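K.L.:
Predicted model and sequence follow; I will ask about them next.
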Amino acid sequence: MVVNMFEPEIETMPVKELRELQLERLKATVRYCYENVPFYRKKFKEAQLRPEDIRSLEDLAKIPFTVKDDLRDHYPYGILAKPLKEVVRFHSSSGTTGIPTVVGYTRKDISTWARLMARGLATAGVTGDDIVQVAYGYGLFTGGLGFHYGCEELGAATIPAGGGITPTKRQIQILKDMHSTVLCCTPSYALYLAEEARKEGVDPERDFSLRIGIFGAEPWSEATRKKIERALNLRAHDVYGLSEIWGPGVGMECEEREGLHVWSDHFIMEVIDPESGEVLEPGEKGELVFTTLTREAMPLLRYRSRDISVVDEEPCACGRTHPRMLRVLGRSDDMLIIRGVNVFPSQVEHVLMRIPGIGDNYQIIVDRDILDVLRVKVEVTPEVFSDRLAELEALRRRVEEELAAVLNVGAKVELVEPGTIPRTPGKAQRVVDLRKGKI
Amino acid sequence: MVVEQVSVFVENKPGRLSKVTKILGEAGINIRALSIAELGEFGVIRLIVDKPHEAKAVLTNSGFTVGVNRVLAIEMGDEPGSLARIASALGDAGVNIDYAYAFVARAKERAVLIARVDDIKRAEEVLSREGIRLLSAEELQSL
């Protein structure tokens, strides 16, 4: 099999050479940050660290972490390493706290990002012959433009069908009439598209020409992958990115689909214990931390992603030498503590997806009576519906039992009518925490 | 002889029955009999209507989860002991009634028991042996 690569030389570079390249770039990045970003100079001084103290990749652990609050504290321009006149674009993400984070890009950053995305797209099997429908949001969110530039760099025919702006009916029409071969959007929107298409009497297998889907920007499971692949008749790949570091393009699943390659020539990836901050070994579950090696406007040192995953450094069958992160298991921010037990919404999704006939849509509600109460709302589809209450109750109990077994904490399952749980083209509102403000 | 019953999944909260019946009313579908069963936060509305498949279509289009299944419409006299006679005939034959609901027809001295049983064939045999009549969908509508 010929592996589709955009930059084969760098993608298959021996690990030793990649490490040498990383060290060389790390040293330069550290000095660059120290000299150009007052925030970093202050951080180094507080840690009694000088740029020349970073002599090996292991020395990276000496550098203090950068966290999202650091970006907010320096809102909007305080963390830029380049003067504003060299910045050609900004993206911004709004946080739940109200203060957004702003990310700047120089001309070179934009072209590096486009190449990174092109490399990622090729890794997922996309070629210059493809027609790519980008249904991520275009705008302040990095998804749409990130994919767009990458697709053009690769030479694919790019359709900027921005999600949230282009109505779903129109998306379906484009998929049908323009024979899009690649679809890029959030996994929940992919399922929604499939559902809406069927409602309109469109059969994705017959009427669409899709072969590859690239889905990200929200956590999803292996079971969801199967569901999307069946519903849209394509091969689904996971993509990873952070708006603080370019956006999409940090990691992409290759044909093997056993983790997402994270590009060592652009990033150093570490895994840490989210509580202690201690660096963990490959194979251990923890929070991903990224250091950028090629960014101009906003280099970041040891940026805490809040994403929980596992790093695999074993060689990949595709021939790429860059390490892989497993699909994101959850966000350390999303982690719910229910009666002292850590629960990730992705675990709930995983359980629901393996029970046949349970709707794609679910909602987790956390409340507090005297103790924390975890409620999971599940939609009843015709597939599981029965006119006998006993059968419905047995289904409800089964979901409760399977959830309890996986979560190690009891959940109360509620069967609800289809369409009761809101569906959105963007990130789905899966968790409602009503405990806030309650003692 | 069986008739088709429409069942609808509903959350146990105000306004659901009104919504279901309003949709049916607007579609010109006539309800002959109805029962509501609830268990905690959810329930099932079961309906005998003149056009079961149309009812399913309009309710599904409005977002409800709907099923159509086969039940027996058993004729009984509107007099003491007639339900007991049916119940014991089925019970003695080992046929289980999953659920049932009854209504009195406009024509006097006649009532109908709608029953879902676990063995339709056996129930039909037993009832016919006892001389108890089952009603067809057309007969139900003309009562």
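P.N.:
Yep, that arrived.
K.L.:
so who does the residue of chain B found nearest chain A touch?
P.N.:
In chain B, the residue that lies nearest chain A is B:S7 (3.6 Å; C-beta to the nearest C-beta). (Glycine included, C-beta is placed from N, CA and C.) By C-beta atoms under 8 Å, 6 or more residues apart in numbering or on different chains, the residues touching B:S7 are A:F385, A:D387, B:V44, B:I45, B:R46, B:L47, B:V66, B:G67, B:V68, B:N69.
K.L.:
Please convert the buried members of those residues into PyMOL selection syntax.
P.N.:
Restricted to buried positions by 16 or more other C-beta atoms under 10 Å in any protein chain shown, the PyMOL selection for the contacts of B:S7 reads:
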select buried, (chain A and resi 385+387) or (chain B and resi 44+45+46+47+66+67)
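K.L.:
and the two most separated of the contacts of B:S7?
P.N.:
The most widely separated members of the contacts of B:S7 are A:F385 and B:L47, with 14.5 Å between them, by C-beta to C-beta.
K.L.:
re the thing from before, tell me the one of the contacts of B:S7 nearest A:A236?
P.N.:
Closest approach to A:A236 among the contacts of B:S7 (C-beta to C-beta): A:F385, at 28.1 Å.
K.L.:
Assess the claim that the closest one and B:V68 are in contact.
P.N.:
No. Using C-beta atoms under 8 Å, A:F385 is not in contact with B:V68, being 10.8 Å away.
K.L.:
quick revisit: give the closest residue to the residue of chain B closest to chain A in space, chain neighbours not counted.
P.N.:
Setting aside the residues directly before and after it, B:S7 is nearest to A:D387 in space (C-beta to C-beta, 6 or more residues apart in numbering or on different chains), at 3.6 Å.
K.L.:
cool, A:V202 as well?
P.N.:
A:I172 (5.9 Å).
K.L.:
and that neighbour, what does it touch?
P.N.:
A:L193, A:E196, A:A197, A:E200, A:V202.
K.L.:
Among those, which one is most surrounded by other residues?
P.N.:
Using other C-beta atoms under 10 Å in any protein chain shown as the neighbour criterion, A:L193 leads the contacts of A:I172 with 25 neighbours.
K.L.:
thought that residue was touching A:I228?
P.N.:
No. Applying C-beta under 8 Å as the test, A:L193 and A:I228 come out as separate, 9.5 Å apart.
K.L.:
Spell out which residues of chain B are next to chain A.
P.N.:
For chain B, the residues in contact with chain A (C-beta under 8 Å from any C-beta of the partner chain) are B:5, B:7, B:9-11, B:37-39, B:41-44, B:46, B:60, B:63-67, B:69, B:98-99, B:116.
K.L.:
Next, give phi and psi for the closest residue to chain B within the stretch 201-350 of chain A.
P.N.:
In the stretch 201-350 of chain A, the residue that lies nearest chain B is A:G201 (13.0 Å; C-beta to the nearest C-beta). Backbone geometry at A:G201, expressed as degrees, to the nearest 10, gives phi 80, psi 20.
K.L.:
With B:G131 instead?
P.N.:
Dihedral angles (degrees, to the nearest 10) for B:G131: phi 80, psi 20.
K.L.:
coming back round to it: list only buried entries from the residues of chain B next to chain A.
P.N.:
The buried subset of the residues of chain B next to chain A (16+ other C-beta under 10 Å) comprises B:5, B:7, B:9-11, B:37, B:42-44, B:46, B:64-67, B:99, B:116.
K.L.:
Which of those residues fall within strands?
P.N.:
B:5, B:7, B:9-11, B:37, B:42-44, B:46, B:66-67, B:99, B:116 (DSSP state E).
K.L.:
What segments of chain B are strands?
P.N.:
Using DSSP E, strands in chain B cover B:3-11, B:31-39, B:42-49, B:66-77, B:97-104, B:110-117.
K.L.:
now do the stretch 201-350 of chain A
P.N.:
With DSSP state E, counting those that start in this stretch as the criterion, the stretch 201-350 of chain A has strands at A:212-215, A:235-242, A:247-253, A:260-262, A:267-272, A:285-292, A:303-312, A:324-325, A:330-331, A:336-338, A:341-343.
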